[in-house]
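# okay, here's the prediction I keep looking at, along with the sequence it came from:
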Amino acid sequence: MLRSVSILLHTALGLACLLASTAWAADEAPITEDPQAQLPLKELRMFVDAFEQIRSHYVEEVDDQTLLKYAIEGMLSGLDPHSAFLDTADFTDLQDSTSGEFGGLGMEVGMEDGLIRVIAPIDDTPAQRAGIESGDFIIRIDGQSITGMNLDSAVDMMRGKPGSKISITVLREGVDQPFELTLTRAIIRVHSVRSETLEPGFGYIRIASFQEKTGSEIDEAIGTLKATNKPLKGIVLDLRNNPGGLLQSSVQVVDAFLSEGLVVYTEGRQPDSVMRFEASGTDLSDGVPLVVLINNGSASASEIVAGALQDHHRAIIMGTRSFGKGSVQTVLQLSDDQAIKLTTALYFTPSGRSIQAQGIEPDITVQRARITNIENTAALSLSEADLKGHLGNGNGKADAKPAANEKAGSLQERDNQLYEALTLLKGLNILARPAAQ
């Protein structure tokens, strides 16, 4: 591919000379071609001069192929933060992330206070078998401190050839000292969707990223929740720290909760970048109350889902403002193993909102917080039933005494945003009950 780029450079130089001749002849005859179709001669000469100066005078010798690769990278990085050149390794990583299969440890992670925080270990993976827990902090990888390291670099270090070993140093709440674990990397097959029943009738669906199979997995998760909860009274859809992924998968997720209407539309310069996506006509969730959790780590495809469900008043959006990435990237292959990722369109919610640099504002703001109970309600609460000689209730039922809801309390302390979403669903369900006759 790099050889081809070198040939292109020589072609560009020849083209520059040809265009220069045409330009000089323009003094004698007007040019009728579209000016937009012509290369800017002054800037093209400047690029060639700069290339030659760097090649000749840089302190270390750099081959032409490397310089041309840097030129492409610089051209793309100067456009916006999301356009990029994908070399062989980057292109492979992109394919792995969208297919959901790679060599690694098997845990969903995020960055918090400069440390790598484990959001959740994936079932039946090296991380889960080694005892990694949600909420753990990783402070060293193979003895190297992660201080100052970005999340992508840390993830790259933890991924690797299946069968290879890696040591990580873990900081865990309630454990006095950090401890080290040695894990063996394995092939990780990631299901982007996982689900569970929070309480009878109330389901939870977590989407970690939007991959090729996310649409079918969300359909399966809804079906499982409906089968195990009769009736299903509500669903929490968790999109927190979901960086996005495939546009088509986000449309499929919205389609699972929406019976009709526009999901998202895109606008760009090329005709093929102008698209509209409509719901197919079947709400698999049967219209049950829906709460969507987002935060500032929810981006791109996550914001498409949250924005569409919010515009159609199909869900209550809860959490904190999302990231605000409202652009669409298209991967354009340059060779079998190299490509460019180029921003080609902006997407808009059904009501015409652009999310770019704005994000989705939740309907109910709930900040992430650490919640602790002030007192043990079961031990300290006093009621009429505790008083000696209290009167009976006269309805034939046993006296009722306060009892602590240990499961709810645990969820509130572990994840206050999820707890608030579940509480809201319970309230909506109570309001929807028919009045007593």
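Sure thing, it's come through. Numbers count the residues shown, from 1 in each chain.

# A strand includes residue 347, no?
Yes - judged by DSSP: H, G, I helix; E, B strand; the rest coil, residue 347 forms part of a strand.

# excluding sequence neighbours, find me the nearest residue to it.
Nearest residue to residue 347, sequence neighbours excluded (C-beta to C-beta, 6 or more residues apart in numbering): residue 266, at 4.7 Å. For every residue, glycine as well, the C-beta is placed using N, CA and C.

# so is that neighbour in a helix, a strand, or just coil?
At residue 266 the chain is in strand, as set by three-state DSSP.

# my understanding was that it contacts residue 346; is that so?
Yes - here residue 266 reaches residue 346: they are 6.7 Å apart, a contact under C-beta atoms under 8 Å.

# what touches both of those two?
Jointly contacting residue 266 and residue 346 under the rule C-beta atoms under 8 Å, 6 or more residues apart in numbering are residue 328.

# more crowded one of the two?
Comparing residue 266 with residue 346 by other C-beta atoms under 10 Å, the one with more neighbours is residue 266, at 19 against 16.

# residues in contact with stretch 107-117?
Residues from elsewhere that reach stretch 107-117 (C-beta under 8 Å, 6+ apart): 118-122, 125, 127-128, 132, 135-139, 146-148, 150-151, 154-155, 171, 208, 241, 297.

# contacts only, for the residue nearest to residue 347.
247, 273, 274, 275, 328, 345, 346, 347, 348 are the contacts of residue 266 under C-beta under 8 Å, 6+ apart.

# pLDDT score for the nearest residue to residue 241 once chain neighbours are set aside?
With C-beta to C-beta, 6+ apart as the criterion, residue 241 has its nearest non-adjacent residue at 3.6 Å, and that residue is residue 297. Per-residue pLDDT puts residue 297 at 81.

# does residue 297 touch residue 238 like I think?
No - taking contacts as C-beta under 8 Å, residue 297 lies outside contact range of residue 238: 11.4 Å.

# more neighbours, those two?
Here residue 297 and residue 238 are set side by side on neighbour count (other C-beta under 10 Å), and the busier one is residue 238, at 25 against 19.

# touching, that one and residue 203? I think so.
No - the pair residue 238 / residue 203 is not scored as a contact, 11.0 Å apart, by C-beta under 8 Å.

# which stretches of the stretch 101-250 of the chain form helices?
For the stretch 101-250 of the chain, applying DSSP state H, counting those that start in this stretch gives helices covering 126-129, 151-158, 214-228, 247-257.

# least confident of those, on average?
Lowest mean pLDDT within these: helix 151-158, at a mean of 83.

# what comes up buried for it?
154, 155, 157, 158 (16 or more other C-beta atoms under 10 Å).

# quick one: which of these is nearest to residue 251?
The nearest member of the buried residues of helix 151-158 to residue 251, counting by C-beta to C-beta, is residue 155 at 26.8 Å.

# is it true that residue 264 touches residue 346?
No - the pair residue 264 / residue 346 is not scored as a contact, 10.8 Å apart, by C-beta under 8 Å.

# what touches both of those two?
With C-beta under 8 Å, 6+ apart as the test, residue 264 and residue 346 reach no residue in common.

# do you know how far the spatially closest residue to residue 231 that is not a sequence neighbour is from residue 228?
Counting by C-beta to C-beta, 6+ apart, residue 201 is the residue found nearest to residue 231 once chain neighbours are left out, at 6.6 Å. According to C-beta to C-beta, to the nearest Å, residue 201 stands 10 Å off from residue 228.

# then residue 166?
Using C-beta to C-beta, one gets 37 Å for the distance from residue 166 to residue 228.

# between the two, which one's more packed in?
Legend: neighbour count by other C-beta under 10 Å for residue 166 and residue 228, higher for residue 166 (18 against 13).

# how much space separates residue 74 from residue 344?
From residue 74 across to residue 344, the span is 19 Å (C-beta to C-beta).

# which one of the two has more residues nearby?
The neighbour comparison of residue 74 against residue 344 (other C-beta under 10 Å) goes to residue 344, with 17 against 10.
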